[in-house]
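K.L.:
Here is a sequence together with a model predicted from it:
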Amino acid sequence: MVQMPALRDHREDIPEPAARILIRKAHGAGQGCPALTRSILDRLVAFDWAGNVRELEHALEHYLPFRKPPDVVRRPGRDPREWENDLDDVVHKHVGNIAATARELRISRKAVYKGLKRRMNALDTEFQHSKFLVWRPRIRTA
């Protein structure tokens, strides 16, 4: 198995694969290739890439139609799931209004629903393993 170094360990190399990926994606979509401005390249280099080239590809797929990087790349050094720490408080603040919660966290409503589902599954797992769960024997009835 070939081990690929993480992008965050080779930030100086990001502009070259970014340009190649963007050219390939634009050609595949039948569009002209937009230029990567110095500010966009600086953001790509400054971003703390948790993943590898696939994450860079996804960011550039978003850049192609919108001509701006996705939110996570626009905020260098931000963990993509940082918003999950604030989810309960923001949902409570907006009295369960998912659209308002998504706007404040700057994520999609679908991401809010998925985050809430993950939170509920975690709480359910905690409850199942808690000391409050009482085992009751089955009683056979004849």
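P.N.:
Okay, I see it.

K.L.:
and the longest helix seen in the chain, which residues are buried?
P.N.:
For the chain, the helix reaching the highest residue count under DSSP state H is reported as helix 109-128. Of the residues in helix 109-128, Ala111, Val112, Gly115, Leu116 count as buried by neighbour count, 16 or more other CB atoms under 10 Å. (Glycine included, C-beta is placed from N, CA and C.)

K.L.:
Save the residues you listed as a markdown table, and put in distance to Asp13 too.
P.N.:
Output for those, formatted as a markdown table (distance: CB to CB, whole Å):
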| residue | distance to Asp13 |
| --- | --- |
| Ala111 | 30 |
| Val112 | 35 |
| Gly115 | 33 |
| Leu116 | 38 |
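
K.L.:
which SSE is Val95 in?
P.N.:
Following DSSP states H and E, one finds Val95 outside all helices and strands.

K.L.:
What about it, how many residues nearby?
P.N.:
8 (other CB atoms under 10 Å).
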